[in-house]
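Engineer: just the structure for this:
(one chain, ligands or ions: 1)
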Amino acid sequence: MNIFNAIKEGSKILKKNNIKFSALDCEILLAKVLKKERKYLILNLDKKLNRKNLEIYKNLINQRSYGKPIAYLTKKKDFWNSEFIVEEGTLIPRPDTEVLIEATLKLFKNRDYANILDVGVGSGCIILSILNEKPCFYGTGIDISSKSIILSKLNAKKLSVENRVKFIKTDVDNFSNGKYDLIISNPPYINSNKIKNLEKDVRNFEPKLALDGGLDGTFKILKVIKKASTLLKSNGKLILEIGYDQKKIIMSLLKKKGFYINNIVKDYAKNDRCVISTKIN
Ligand code: GLN
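Structural biologist: Residues are numbered from 1 along each chain as shown. This is a model prediction of the structure:
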């Protein structure tokens, strides 16, 4: 089978299984199998696939047809300025989370030192993107998932920032090391009862641990806010990712715990997505 037909046949299978961007997904998967860029495929449509590569490709198409996210199949995802390694068991970096990076860089534009804590570090995409942009910043990432800690360490190496960051497997409630200029977190914030309404790819393949925020969605965010109020230096910043409908409740939780709200930032779809606050007492 040649490249043209492999994409055509693969795309038919994905379409039949209601996968939205069927042709694009096939191109990405085939490029991965051939260890080439996508443009190679377009320039070599007549080229025949050998039997081994065809088998690997078919297997990936089969997995994608059940809804397994592309990033788990290719084991990589672009986020901010870098490519991150992605593994099943950790949340795939989202474009919306990039607004946290943008907000941080704006807020710390004139700072050449900061000590950062990332709570629920996942793949490491948030803290590592910041360290990559700010060569004199240092940080710690914590997570209850050992998979996340292993993956974050790999990504730190990949971005060559491993000397400025450490990762610790712990629940935020049991962590009390250090004082921070910035605490940043994308905690699980989906209401437990609404997990079933998420897209199939997310619902069936991404870790509930990284999504489930308890019965009103704020259980984990509240843990982060409480801990931040003791771990932040005075005037330290807390930057949180929140659900599109959580602005009011999170603002009131923050105020109760002694934070001043600086700003709410919207994501690319114009949903409230990021709260920037300052510890004032
Ligand atoms: N934004 C993610 C989603 O829509 C949720 C991430 C989270 O709970 N922190 O799937």
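Engineer: how near is G258 to K247?
Structural biologist: 19 Å (CB to CB, to the nearest Å). The way it works is simple: take the backbone N, C-alpha and C, and place the C-beta from them, glycine included.
Engineer: can you check E83 too?
Structural biologist: Applying CB to CB to E83 and K247 gives a distance of 32 Å.
Engineer: picking up where we left off before, G258 and K247: which is more packed in?
Structural biologist: When G258 and K247 are compared for neighbours, K247 comes out ahead with 17 against 14, by other CB atoms under 10 Å.
Engineer: for that one, list the residues it contacts.
Structural biologist: K247 sits next to I264, D272, V275 when contact means CB atoms under 8 Å, 6 or more residues apart in numbering.
Engineer: quickly note the distance from the closest residue to the second one other than its chain neighbours to the ligand.
Structural biologist: I take that to be D272. Counting by CB to CB, 6 or more residues apart in numbering, D272 lies nearest to K247, which is 4.4 Å off, once chain neighbours are set aside. Noted for K247: a distance of 15 Å to the ligand, by CB to the nearest ligand atom, to the nearest Å.
Engineer: please apply the same query to G89.
Structural biologist: As judged by CB to the nearest ligand atom, G89 and the ligand stand 15 Å apart.
Engineer: give me the contacts around stretch 235-243.
Structural biologist: Contact with stretch 235-243 is made by 96-97, 100, 103-104, 107, 179-187, 189-191, 213, 217, 221, 224-225, 228, 232, 250, 254, 259, 262, 272-280, as judged by CB under 8 Å, 6+ apart.
Engineer: out of the residues you listed, which are buried?
Structural biologist: Taking 16 or more other CB atoms under 10 Å as the criterion, what is buried in the contacts of stretch 235-243 is 96-97, 100, 103-104, 107, 180-187, 189-191, 213, 217, 221, 224-225, 228, 232, 250, 254, 259, 272-279.
Engineer: restrict those to those near the ligand?
Structural biologist: Restricting the buried ones among the contacts of stretch 235-243 to those touching the ligand (CB under 6 Å from any ligand atom) yields N186, P187, Y189, I190.
Engineer: a markdown table for those residues, including secondary structure?
Structural biologist: Shown next, in a markdown table, are those (DSSP: H, G, I helix; E, B strand; the rest coil):
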| residue | secondary structure |
| --- | --- |
| N186 | coil |
| P187 | coil |
| Y189 | coil |
| I190 | strand |
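Engineer: same list (those residues) but as a markdown table, adding pLDDT and distance to I7.
Structural biologist: Converted to a markdown table, these look like this (pLDDT from 0 to 100; distance: CB to CB, whole Å):
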| residue | pLDDT | distance to I7 |
| --- | --- | --- |
| N186 | 98 | 35 |
| P187 | 98 | 39 |
| Y189 | 98 | 38 |
| I190 | 97 | 35 |
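Engineer: name the helices or strands packed onto the strand or helix carrying I13?
Structural biologist: Assessed by DSSP states H and E, I13 sits inside helix 3-16. The contact analysis (3 or more CB pairs under 8 Å, 6 or more residues apart in numbering; DSSP states H and E) places helix 3-16 against helix 22-34, helix 51-65.
Engineer: how far does the first one sit from the chain's center?
Structural biologist: In this case it means helix 22-34. 22 Å (CA atoms, centre = their mean, to the nearest Å).
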